[in-house]
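> I'd like to go over a predicted model; first the sequence, then the structure.
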Amino acid sequence: ESGASPPSSRVVFHNSDTVFILSYSIIMLNTDLHNPQVKKKMSLEEFQRNNRGINGGEDLPLEFLLSVYEEIKEDPIRLDEEGTGGTGDDEG
């Protein structure tokens, strides 16, 4: 009733497409920032631009995208290097 916005830590996704697109975007960001073969690393501005309008035609909050970017930059997503991470490979 007070008209206060929800806490900034909460982001409402308008549909499941938003989740799928953002997930793919995060994987791409992770690869871009942490693969030594990528010479020009994705900037925060590029990450924001890549995710423009993905939430039912609206942008996700900049604070949220900044948080995602910084988290991936500081703590990359890594797969199990032993090959036991459930990749489906039946080698060996």
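That came through, no problem.
> contacts, neighbours, all on C-alpha from now
Will do.
> in this structure, which segments are predicted with low confidence?
For the chain, the stretches with pLDDT under 70 are 1-9, 82-92.
> find the centremost residue of it, please.
Closest to where the C-alpha atoms of the chain average out (C-alpha atoms, centre = their mean) is residue 26, at 2.7 Å.
> what about that residue, which helix or strand?
helix 16-34 (DSSP states H and E).
> mind listing residues that contact the helix or strand following that helix?
Next along the chain after helix 16-34, taking DSSP H and E as the criterion, comes helix 44-50. The contact list for helix 44-50 (C-alpha atoms under 8 Å, 6 or more residues apart in numbering) reads 25, 29, 62, 65, 66, 69.
> what sits against the fourth one?
Under the criterion of C-alpha under 8 Å, 6+ apart, the neighbours of residue 65 are 47, 48.
> can you report phi and psi for it?
Note on residue 65: its backbone torsions stand at phi -60, psi -40 [degrees, to the nearest 10].
> and the fifth one, by the same measure?
Dihedral angles of residue 66 (phi, psi; degrees, to the nearest 10) stand at phi -60, psi -40.
> how near is it to residue 60?
With the distance defined as C-alpha to C-alpha, to the nearest Å, residue 66 ends up 10 Å from residue 60.
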